[in-house]
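Visitor: Sequence plus predicted model, see below.
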Amino acid sequence: WRYLRFMSEQGYEYETFLGDKDDTTGTQAFTAHLPAGDYTYQATYNGSEKEGEISVSGDQSDFNIAMPVLYEISGTVTRLSKPFKGAYVECVEEDEEGNEVNNSYAFTDADGSYKIYVPEGTYKLSVLDDPQYEKVVVTVSDRDQVKDLAVDLVKISGTVTRQGNKLPNVPVECQKKGEENSCASTYTGESGEEKGKYSFYVAPDASYEISVPGEKKELTVAREDISLDIAVTAAKVSGTVTEAEDSDSSRNDIEIYQKDDEGNWINYYHVYPDWEGKYECYLPAGKYYVSYWIQLDYDGNGFSYECGTITVGTEDITYNIQKKDPETLKHTVSGTLSGEAGTPWAGVDITFDTNNTVTTDENGQYTVTLYGDTHIYSLIGMGIENLTVESENMTHNIQFKGYVKISGILTENGAAVSGTNLDILVEGMDEEMLVMSSCCTKEDGSYTFIVPTNNKYKIVLSSDHSLQAGEVINVETADIDNNNVPLPKKE
């Protein structure tokens, strides 16, 4: 990316893309035609950025921008002592709190070599077989330097077929023997030469289970790549999603799952219709629930609603879905939030479906707009509760038996302190089990904790548990409000 952008307060914007090569002096010339006025500018050049301001009143030929100097980090990545082609190499700069502030990446060539260009600084260099899995970390603090990296991974790959035909978009999971969660997962290729193919990398010298719908293969991995083709015998479920009147035509997803005795989703499959609304997947025999997920905005917020059930045997099934207009699935839920004593909890955040948070008013009342019938909700420090909406306007009072609210304001020299992370600890409990809940003080300095009854607690800074705010709190069954505490400081 090489571009220069000018922006004015009046909304005027001018952008020019710079060439791929510098001239013999190591610079890049540009010309921009701007109306008179004040501008901010942003230059992006080979991974480095610079921002500033300029006032334009006439032609200017001496407006030069000195970009940060970039330095080369290069080397070779090997896997099992051989060049690792196509490996994802990431270079990350972090601030003092561990937050990412700069990110660059490259893919290795056929000989395993890579080059990354970054400004001067300290970086963590990682080799990832997939961007979500970190394998090797190296700290880079010099300028131009060579960093050869080695990863100890074995590649498992193959083709998934059914009745001799390659299957696209089939989930493939790899689970290490003795562990509960998958260590790698992917989908088979969708088209062309990659159709039906899958691959992922795992640690050597271990036993694994490779699973696709209705099939499971066991294998022991030594220190050589393994080819494992899988023939699926599961039934095909396919159909078409059709649009409801007045609904948009955005692409959404199908969720197919089973339920345990408590109604929790198990054996979950995520299916993506194509742009024509057609979909297909492969399922072992059993009863399944089908839900359709609708995206509501460009931020990814959305909801799912249950469409019906299917019973899968040995024969293929056609199951078409009529997409509903989201407005017909909108509900208003309201009620009172309280704890052990039944006293309304004011100023407490309730989060529905992980991304829809409302705050109770001074009377402990809340109102939330929800789409669809099945939801979850939680409070900070609490477990997840299920909610089924049964009417368009529904009253749902929430009482957490066995819990109380502790609230107050964090102050410093009599003034409220906002944006401070606090933990509440059980007094006298083992150090690793101390934290009961965490929160961040709001703009008015207020904090709220929901904790079990009949315990002693202390409030501390999340960054340093040795800094205690206020005295130890003896909690029985009554809520404790107006527990204002001073911001603790090191002596």
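Guide: Received it, and whenever you're ready, just let me know what you need. Numbering: from 1, shown residues only.

Visitor: what number of residues lie near Pro168?
Guide: 17 (other CB atoms under 10 Å). For glycine as for every other residue, the C-beta is placed from the backbone atoms N, C-alpha and C.

Visitor: For the nearest residue to it once chain neighbours are set aside, give its distance to Asp274.
Guide: Spatially, and ignoring its direct neighbours in sequence, Pro168 is nearest to Glu190 (4.6 Å; CB to CB, 6 or more residues apart in numbering). Distance check for Glu190 against Asp274: by CB to CB, to the nearest Å, it reads 9 Å.

Visitor: tell me, how many neighbours does the residue nearest to Pro168 end up with?
Guide: With neighbours defined by other CB under 10 Å, the count for Glu190 comes to 12.

Visitor: Same question for Gln28.
Guide: Neighbours of Gln28 under the rule other CB under 10 Å: 18.

Visitor: what about the residue nearest to Arg162 when sequence neighbours are not counted, distance to Tyr201?
Guide: When the adjacent residues along the chain are set aside, Arg162 lies closest to Val232, with 4.4 Å between them (CB to CB, 6+ apart). To Tyr201, Val232 is 23 Å away according to CB to CB.

Visitor: Same check on Gly178?
Guide: Applying CB to CB, the value for Gly178 to Tyr201 is 19 Å.

Visitor: Same check on Gln145?
Guide: Look at Gln145 and Tyr201: by CB to CB, they are 26 Å apart.

Visitor: repeat for Tyr3
Guide: 36 Å.

Visitor: one step back: the residue nearest to Pro168 is in contact with Asn169, isn't it?
Guide: Yes. Taking CB atoms under 8 Å as the definition, Glu190 is a contact partner of Asn169 at 5.8 Å.

Visitor: Next, count neighbours for Ile116.
Guide: Other residues near Ile116 number 21, with proximity taken as other CB under 10 Å.

Visitor: Name all residues that make contact with it.
Guide: Applying CB atoms under 8 Å, 6 or more residues apart in numbering, we find Ile116 in contact with Glu72, Ile73, Ser74, Val89, Cys91, Ser104, Tyr105, Ala106.

Visitor: rewinding a little: state the pLDDT value of the residue nearest to Arg162.
Guide: Val232 carries a pLDDT score of 91 in this model.

Visitor: same question, the one 3 residues further on
Guide: In the predicted model, Ala235 carries a pLDDT score of 91.

Visitor: Ok, Tyr377 next?
Guide: On the pLDDT scale, Tyr377 is placed at 90.

Visitor: What sits closest to it if chain neighbours are left out?
Guide: Phe352 (4.7 Å).

Visitor: Let's verify Cys328: helix, strand, or coil?
Guide: Careful, residue 328 is Thr and not Cys. Per DSSP: H, G, I helix; E, B strand; the rest coil, the local secondary structure of Thr328 is helix.

Visitor: next one: the one 5 residues further on
Guide: Local secondary structure at Val333 is given as strand here, using three-state DSSP.

Visitor: what distance separates stretch 220-234 from the centre of its chain?
Guide: Between the mean C-alpha point of stretch 220-234 and the mean C-alpha point of its chain there is a distance of 30 Å (CA atoms, centre = their mean, to the nearest Å).

Visitor: Stretch 88-102 now?
Guide: 17 Å.

Visitor: Mind listing residues that contact it?
Guide: Residues external to stretch 88-102 that are found in contact with it (CB under 8 Å, 6+ apart): 73, 77, 103-108, 114, 116, 118-119, 121-131, 140, 149.

Visitor: Check which residues of it are buried.
Guide: Neighbour-count burial for stretch 88-102, counted by 16 or more other CB atoms under 10 Å, picks out Tyr88, Val89, Glu90, Cys91, Val92, Glu93, Asn102.

Visitor: Kindly report the same for stretch 312-326.
Guide: Within stretch 312-326, the residues that count as buried by 16+ other CB under 10 Å are Val312, Tyr319, Ile321, Lys323, Lys324, Pro326.

Visitor: Over to stretch 279-297?
Guide: Of all the residues in stretch 279-297, those buried under the rule 16+ other CB under 10 Å are Tyr279, Glu280, Cys281, Tyr282, Leu283, Pro284, Tyr288, Val290, Ser291, Tyr292, Ile294, Gln295.

Visitor: between the residues you listed, which is closest to Ile65?
Guide: Distances from these to Ile65 were compared by CB to CB; the smallest belongs to Gln295, at 39.9 Å.

Visitor: Confirm for me that that closest one is in contact with Lys323.
Guide: No. Under the criterion of CB under 8 Å, Gln295 is not in contact with Lys323, lying 11.7 Å apart.

Visitor: Common neighbours of those two, please.
Guide: When CB under 8 Å, 6+ apart defines a contact, the residues bordering Gln295 and Lys323 alike are Asn252.

Visitor: returning to that earlier point: may I see the buried residues of stretch 312-326 organised as TSV, with distance to Ser407 and secondary structure added?
Guide: Compiled in TSV, those are given as follows (distance: CB to CB, whole Å; DSSP: H, G, I helix; E, B strand; the rest coil):
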residue	distance to Ser407	secondary structure
Val312	51	strand
Tyr319	50	coil
Ile321	46	strand
Lys323	44	coil
Lys324	41	coil
Pro326	36	helix
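
Visitor: any idea how far the residue nearest to Pro168 is from Glu385?
Guide: If you measure Glu190 against Glu385 using CB to CB, the figure is 38 Å.

Visitor: and what of Pro83?
Guide: Relative to Glu385, Pro83 is positioned 52 Å away (criterion: CB to CB).

Visitor: How about Thr369?
Guide: Thr369 sits 18 Å away from Glu385, going by CB to CB.

Visitor: Equivalent analysis for Tyr71, please.
Guide: Distance, Tyr71 to Glu385, using CB to CB: 52 Å.

Visitor: and those two? which has more neighbours close in?
Guide: With other CB under 10 Å as the criterion, Tyr71 and Glu385 differ in neighbour count, and Tyr71 comes out ahead with 16 against 13.

Visitor: quick one: strands adjacent to the helix or strand harbouring that one?
Guide: Mapping Tyr71 onto the secondary structure by DSSP states H and E places it in strand 70-79. Paired with strand 70-79 in the same sheet, following DSSP bridges, are strand 82-83 (antiparallel), strand 113-119 (antiparallel), strand 145-146 (parallel), strand 149-151 (parallel).

Visitor: Which among these is found nearest to Gln10?
Guide: Distances from Gln10 to each of the strands paired with strand 70-79 were compared by CB to CB, and the smallest falls on strand 113-119, at 32.6 Å.

Visitor: State the mean pLDDT of the closest one.
Guide: Strand 113-119 carries an average pLDDT of 88.

Visitor: Downstream of that strand, the next helix or strand is which one?
Guide: Per DSSP H and E, strand 113-119 leads on to strand 123-128 as the next helix or strand towards the C-terminus.

Visitor: All set now, cheers.
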